[in-house]
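Trainee: Let's see this in three dimensions:
(3 chains)
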Amino acid sequence: METNELIQKLEDAAPGGVLEARPFGRDGAELSLWVEMGAILKIAHALKSDPAFSFDYVENFAVMEMEAALVFTYWIRSSSTGLPLMIRGSVELPRGNKADDLIEVASVSSAWPSVVPQEMELGELFGIKFIGLDPRAHGLVSSRLAGTAVGFPLRKGFVFPTEINGQPHMRRLTPSAPAAGEVLP
Amino acid sequence: MNFERETLPTTPADWVVGPYHSPWISHFRAHFTLDGEIIVRAGLEGGFLHRGLEKALELHPWQSSIVYAGRVDPEAASFAEHALCLAVEKLCELEVPARAQCIRVIVDELTRVSSHLKYIARIAQATSSETMVHFALRDREKILDLFELLSGARFSLSFLRFGGVANDVTEGFIERVVEVCDLIRFRLKEYNDLFSYNQAFLARSAYVGVVEPGFARRCGLTGPNARASAIVADVRKTSPYSGYEQLDFEVPLGQGEGGAIGDAHDRYVIRLREITQSLEILRQVCDALPAGPFASAPVERDFKVPTGEAYARVESARGLLGCYAVADGSARPTRVQFRVPTGPSWQLAPMLLEGARLQDAPTILASLDLCVSELDR
Amino acid sequence: MSGVASGWYQLLVLPEGIPPGLVVAGAWILATVMVIFPVAAAYSYVERKLGADYQARVGPNRAGPSGMFQPIADWLKLLQKPNQALSWKEERWSALQTMATYSTAAVLPLGPLFILADTEMNVFIPFWALMVAALATLLLGMEQSSIQGWLGGSRVAAQALSGAFPATLAILCAGLAGGGFRWADMVASQGAAPWSWNVMASPFHPFGFLAFVGAGLVFSADHQRDLGGGVTSNLYGGRLALAQLGKFYVLFLWSSMATVLYLGGWSMPAFITEELSAADAWIVLFGLQAVLVLSKTVLLMFLIDWVARTNPRARVEQITELSWKFLSPLALFSLMGAAAWRALT
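Mentor: Numbers count the residues shown, from 1 in each chain, chains lettered A, B, ... in the order given. Now for the predicted structure:
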């Protein structure tokens, strides 16, 4: 699989969608493609339907918060050729962390159904609304508790509630003591 | 006298089972819609075991992250620990000495056998074969005794460290491993005589919960469940780690011996074969354990990981377990995310349950090897 | 006054004015409490120890030496449980189920001492009573307004219906060799030695025996693991204990019927019977006969329990299919073969 060929095909499918190709990690063994998150659905369909590549399932889907942005990483694989690929994108996180501050991103479940459990879970933990995902599907929070969640736990700005049901909670509100010489963010 | 004429209710009925009070649905909730004995609709609800491990990993130093990783699946702890260690070693460019790699392989394969024995006990319980439950758990106790000899703990060993393992193997450990392997090899014959091809078990598990390969691939199913549906996928062969490339073992595939390829019986038989292969790997490693240090360097309290990100894959007892670690040069991780092999099985389970008989539901759920603990983290 | 009741009169030296029905009822209560409960207790202990042996574990070993007092400990524990109040609708079906099951103690074939009524219908009475009990279980399950009760009751009824047919045929097959359906006649036609038992009466009788035991397993198979106990999932305390006892009792009844129908019943070697009746030691004779029947019954129960514990359970529709598609033709074949054999020899 030629990297340039791949990028060209994706550019055809979603013009302006592909930002750059970069090797991933310290050893650079795997290739990662940075894309515009707005074009992720078109890119997903292009990757899946192209017979030369046919990336048909997502091995892993991770979200992380770094420098006031949410970085989305999809590890996708082709079951016919066995080749792996990483698709990455980022979305700016608005300042503050209000409970209704949802980030909207297109869900790739129409192209890759295997991503649904992870999208459901990460949506609740990071406050991401995946457009196209069944809204009734719940990840970790039961339907009975919907609407009672306080904030999005995995965001860096999450503040632990000091009281739950009248009971004091998380008495040590700051993380464990930093090592000598470390500067807290 | 006035008699009311009652009509017999025949509309499909809803039944909610779990997360407690039920022996076959543990730690999750199932919503069934039953039409007589047939499950018309099934929905599984998880999240009851969510402990916030991934958030906890961000709040504590790198040194304690092994312990949290071990809690991803407490019964098969060493796989998540191994994945985290591999990811961090990629980030720090740490060399792991050969002896440490061999010890890691021993712990991993023993954990795999222990996890598969628990699986056998669970599927035997689902088909009400009480004798088999006790036999499998009795043999699993031998492996847990080995873990206790090695690290002091039966589950959640917290034995791996970045750059190696916590300690060298205790005296007599290798000999006992070889003894236990011989014992389990002998017992596998007993299991086959008693249970594996028992007509009653075949009647309960053949053609039950058949997972088609195309379906399995679309869900991203890996591990023994996928191999039972004849999908060739084993991380130890495709992207080997910790010296697996030097070991000689096979990866069994489902052949539909009881009935269809990919049914519950196939998933069971595959795990029996994997136990045999793990015993073979253990024998090879125990024969050729190299001398040397058990860790590259002790991990200090202010162990820092340089900025970067890494993704490591291991083959856990249930499938591909991935660990994505991101560091920003400080003492604490920025993000650690685990890709758990139970996710696709969880997605598959309701589809397999719909249309099945209620009495087959415990067998289907037990045969998929769902670990709610790693699913919820 | 039937022979047995008069025997009890003589035994207990009762005044003549007491109505025979009362004597029979009192004897029934004695039979249930003095025979069934102790046998159930002892059987539960031995079954748990044997079951532990099959499963490579120890079994009860805390209450008394080798855990011998475990049944007493269980009984004491049950005594202190609160009594469950059921709605009157559930209560009526529960009462019907209990009455139907335990009324068969009057015809329990444990020897001449314990059979309170010996008629031509004796062999069919327990069987009929168990069908009534199954119907009551079905109705109780439906009344419980829970999925477990409803499906559990339906399964019990389906199993009972499917087990009835081969059981009847097997009883008829045994009756061919027995020459009658009184318990006394059935035993009189069999001798003490195994080759004179009904199971060896013709080459077809072993199949009848197999069909009968199979039908018993079908009737009493416990399926309800996925339902958390079926009808008993909503019962606790004393009622649950009675339900568990009922399960034991059905198996016990079935095994004792199988023993008397096919395995020789209480017939002892002739010289013992002659000596004891010559010495007028009726109590000793009847006691020995009861012990013989009990031993054979309990041995058969252990054999069945052994197979059940070491093997997985089949699904309920597999069990009913087994009964309809395999046991029924087998029983029919044995009946026809035995009839032909009897006609030709």
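
Trainee: how about the helices in the stretch 1-150 of chain B?
Mentor: Assigned helices in the stretch 1-150 of chain B, in chain order: B:53-59, B:65-70, B:77-92, B:98-126, B:130-151 (criterion: DSSP state H, counting those that start in this stretch).

Trainee: Packed most tightly, which of those helices would that be?
Mentor: Across these, the average number of neighbours (mean count of other CB atoms under 10 Å in any protein chain shown) peaks for helix B:77-92, which reaches a mean of 26. Heads up, the C-betas are built off the backbone N, CA and C, glycines and all.

Trainee: Neighbours of the closest residue to residue C:298 other than its chain neighbours, how many?
Mentor: In space, and not counting its chain neighbours, residue C:298 is closest to residue C:43: 6.3 Å by CB to CB, 6 or more residues apart in numbering or on different chains. Using other CB atoms under 10 Å in any protein chain shown, residue C:43 has 20 neighbouring residues.

Trainee: Next up, the contacts around residue C:43.
Mentor: C:248, C:252, C:298, C:301 (CB atoms under 8 Å, 6 or more residues apart in numbering or on different chains).

Trainee: low-scoring stretches of chain A, by residue?
Mentor: A:1, A:96-100, A:135-149, A:170-185 (pLDDT under 70).

Trainee: Point out the residues in it that sit beside chain C.
Mentor: Counting by CB under 8 Å from any CB of the partner chain, no residue of chain A lies close to chain C.

Trainee: can you give me phi and psi for the most far-flung residue of chain A relative to its centre?
Mentor: Distance from the C-alpha centroid of chain A peaks at residue A:166, with 34.2 Å (CA atoms, centre = their mean). Dihedral pair for residue A:166: phi 80, psi 0, per degrees, to the nearest 10.

Trainee: so how far is chain B from it?
Mentor: 21 Å (CB to the nearest CB, to the nearest Å).

Trainee: quick one: the strands in the chain?
Mentor: All of this is about chain A. A:18-24, A:30-35, A:57-66, A:69-77, A:84-92, A:103-106, A:128-131, A:163-164, A:167-168 (DSSP state E).

Trainee: that's the wrong chain, I wanted chain B
Mentor: B:13-17, B:29-35, B:38-45, B:160-161, B:164-165, B:308-315, B:320-327, B:335-339.

Trainee: Show me what stretch C:289-305 is in contact with.
Mentor: C:35, C:39, C:43, C:46-47, C:50-51, C:109-114, C:213, C:216-217, C:251-252, C:255-256, C:258-260, C:263-266, C:268.

Trainee: what comes up buried for it?
Mentor: Of the residues in stretch C:289-305, C:289-290, C:292-294, C:296-298, C:300-301, C:304-305 count as buried by neighbour count, 16 or more other CB atoms under 10 Å in any protein chain shown.

Trainee: Considering these, which is situated nearest to chain A?
Mentor: residue C:305 (42.6 Å; CB to the nearest CB).

Trainee: Off-centre distance for whichever helix or strand that closest one is part of?
Mentor: Using DSSP states H and E, residue C:305 falls within helix C:282-310. Computed by CA atoms, centre = their mean, to the nearest Å, the chain-centroid distance of helix C:282-310 equals 11 Å.

Trainee: Could you name the helices and strands sitting against the top helix by length along chain C?
Mentor: Using DSSP state H to define each element, chain C has its longest helix at helix C:147-178. Helix C:147-178 sits against strand B:13-17, helix C:125-143, helix C:183-188, helix C:205-220, helix C:238-262, helix C:316-322, helix C:328-344, with contacts defined as 3 or more CB pairs under 8 Å, 6 or more residues apart in numbering or on different chains; DSSP states H and E.

Trainee: Just put the ones you listed in a markdown table and tack on distance to chain A and mean neighbour count.
Mentor: Listed next are the helices and strands packed on helix C:147-178 as a markdown table, based on distance: least, CB to the nearest CB, whole Å; neighbours: other CB atoms under 10 Å in any protein chain shown:
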| stretch | distance to chain A | mean neighbour count |
| --- | --- | --- |
| strand B:13-17 | 11 | 15 |
| helix C:125-143 | 29 | 21 |
| helix C:183-188 | 61 | 20 |
| helix C:205-220 | 40 | 24 |
| helix C:238-262 | 31 | 21 |
| helix C:316-322 | 32 | 18 |
| helix C:328-344 | 48 | 17 |
